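One predicted model, sequence on top.
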Amino acid sequence: MLIKKPGDIKSSEITDKKVYLNRRLFMRGAVLAASTVATGFLYRRLLAPEIDLPTPTGKAAPGSQVAPKQWGLPGEEATPYQDITHYNNFYEFGTDKYSPARYAQKLVTRPWTVSVEGLVNKPKVFDLDELTRLFTPEDRVYRHRCVEGWSMVIPWLGFPLAELLKLVEPQGSAQYVVFETANDPKGRGIPQTDALTWPYVEGLRLDEALNPLAILSTGIYGEALLPQNGAPVRLVVPWKYGFKSIKSVVRIKLVERMPTTTWVAEVPDVYGFYSNVNPDVDVLRAQSTEQRIGDWGRRKTQPFNGYAEQVAHLYDGMDLSYYH
Ligand code: MTE
């Protein structure tokens, strides 16, 4: 059992005092502490197949003569499809790592629309097929770093968020972009667990959202996204902790003021709006190292998750230990 009973957990395992003063937050702290332990020692036990998976077309099927496509990053192998699709965080379907693969299969992903609205000249509701017709998804192999201390290398399929935003023409007053996950228990089969307050909400500053690294993803390893990974369309912001990469997006809204995002609202003393990967700032736990899923031993975490060259300029003049 991965979720420890409150009585089993030492207060030292939970970073922030307020987290254990409030019972609901305490339970969440317990889940996260347990996740971290699981990441180091037990994750292999979680990866037993729960569902039948399609063979990703980009990889050589067993016995096939086709050479596998090179999906990794220089010196960093791509994480196996099995792990990417069975070791997940999707709290709408449960707080442990294997619940999303097991329970998110009921997520109804068709028909699906994404409304892009707010401070834009041309608000529009996009049907999913229209989105992928307008913006051809391309392969993007990115590091994926969770604040719980684990990481992967994921071959996403996706298109730049900037392309979509430019199409709707942001107005001069737009400064932030808010993203919302579907929250529709009856229509979409999303259970209303009490893990968080729904819908899951995330946000970016507009210039972050326009950075070419930020994508809307529709697939992994050349296959359509599976429900547990945020089907049919999710955000991927590789220089930030994974919780910024919101899944199963239905609404994108441009606004003037910094939005209150889900995790900032839940545990404001722990999480910041920016949440850039930063080995020098302890968030939830020490962030200087990480466990790459599939590897033994921990590796050093890189500032901005290794993407400093592309994104560090966005934060010129900001004290990143304060604006974390
Ligand atoms: N999006 C929604 N709607 N609900 C969630 O619980 N979890 C976040 C993020 N997006 C989450 C979410 C967290 S904490 C992480 S680390 C990543 O999704 C995990 O993505 P993965 O399961 O595809 O690795």
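Great, that's in hand.

Where does pLDDT dip in the stretch 151-300 of the chain?
For the stretch 151-300 of the chain, no stretch has pLDDT under 70.

thinking residue 236 is in contact with residue 157, fair?
No: contact criterion CB atoms under 8 Å: residue 236 and residue 157 do not qualify, at 10.1 Å. No exception for glycine: its C-beta is placed from N, CA and C like everyone else's.

Return every residue with contacts to both of those two.
The contact sets of residue 236 and residue 157 overlap at 140, 217 (CB atoms under 8 Å, 6 or more residues apart in numbering).

what's the residue positioned nearest the centre of the chain in contact with, if anything?
Nearest residue to the geometric centre of the chain (CA atoms, centre = their mean): residue 245, 3.2 Å. Taking CB under 8 Å, 6+ apart as the criterion, residue 245 is in contact with 144, 202, 230, 234-237.

Which one of these is nearest to residue 266?
residue 202 (12.5 Å; CB to CB).

Can you get me a residue count around the residue lying closest to residue 238 once chain neighbours are set aside?
Once flanking residues are discounted, residue 238 sits nearest to residue 142: 3.9 Å by CB to CB, 6 or more residues apart in numbering. For residue 142, the neighbour count with other CB atoms under 10 Å is 23.

Residue 142 and residue 154, how far apart?
To residue 154, residue 142 is 6 Å away according to CB to CB, to the nearest Å.

same question, residue 95
In terms of CB to CB, residue 95 sits 21 Å off from residue 154.

what's the answer for residue 71, then?
For residue 71, the distance to residue 154 - CB to CB - is 9 Å.

okay, those two: which has more neighbours?
More crowded of residue 71 and residue 154, by other CB under 10 Å: residue 154, with 23 against 20.

Let's verify the more buried one: helix, strand, or coil?
strand (DSSP: H, G, I helix; E, B strand; the rest coil).

hang on, the earlier thing: and for residue 71 and residue 154, which residues touch both?
Joint contacts of residue 71 and residue 154 (CB under 8 Å, 6+ apart) are 78, 141.

For stretch 103-123, the averaged confidence score.
For stretch 103-123, the mean pLDDT works out to 97.

Render the CA-only coordinates of that stretch in PDB, please.
C-alpha atoms of stretch 103-123 as PDB (Å, rounded to 0.1, in the frame of the first residue of the first chain):
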ATOM      1  CA  TYR A 103      -9.400   4.200 -14.400                       C
ATOM      2  CA  ALA A 104      -8.900   6.900 -17.000                       C
ATOM      3  CA  GLN A 105      -9.800   4.400 -19.700                       C
ATOM      4  CA  LYS A 106     -13.400   5.600 -19.100                       C
ATOM      5  CA  LEU A 107     -12.500   9.100 -20.100                       C
ATOM      6  CA  VAL A 108     -14.700  10.100 -23.000                       C
ATOM      7  CA  THR A 109     -12.400  11.900 -25.400                       C
ATOM      8  CA  ARG A 110     -14.700  12.300 -28.500                       C
ATOM      9  CA  PRO A 111     -16.200  14.600 -29.400                       C
ATOM     10  CA  TRP A 112     -13.800  17.200 -27.800                       C
ATOM     11  CA  THR A 113     -13.500  20.900 -28.200                       C
ATOM     12  CA  VAL A 114     -11.100  23.500 -26.900                       C
ATOM     13  CA  SER A 115     -12.400  27.000 -26.300                       C
ATOM     14  CA  VAL A 116      -9.800  29.700 -26.700                       C
ATOM     15  CA  GLU A 117     -11.300  32.900 -25.300                       C
ATOM     16  CA  GLY A 118     -10.900  36.000 -23.100                       C
ATOM     17  CA  LEU A 119      -8.700  38.900 -24.200                       C
ATOM     18  CA  VAL A 120      -8.400  37.900 -27.800                       C
ATOM     19  CA  ASN A 121      -9.800  39.500 -31.000                       C
ATOM     20  CA  LYS A 122     -10.900  36.200 -32.500                       C
ATOM     21  CA  PRO A 123     -12.200  33.800 -29.800                       C
END
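
And the ligand, is it touching that?
No: taking CB under 6 Å from any ligand atom as the criterion, stretch 103-123 and the ligand are apart, separated by no less than 9.7 Å.

Off-centre distance for that stretch?
In terms of CA atoms, centre = their mean, to the nearest Å, the centre of stretch 103-123 is set 17 Å apart from its chain centre.

tell me which residues in it are buried?
103-104, 107, 109, 112, 114, 116, 118-120 (16 or more other CB atoms under 10 Å).

which of these lies closest to the ligand?
The nearest member of those to the ligand, counting by CB to the nearest ligand atom, is residue 104 at 9.7 Å.

Helix, strand, or coil at the closest one?
helix.

Assess the claim that it and residue 91 are in contact.
No: Residue 104 is not in contact with residue 91 according to CB under 8 Å; the separation is 11.0 Å.

Please name the residues that touch residue 85.
Listed by CB under 8 Å, 6+ apart, the contact set of residue 85 reads 53, 101, 220, 226, 228-229.

can you narrow those residues to ones near the ligand?
When contact is defined as CB under 6 Å from any ligand atom, those meet the ligand at residue 229.
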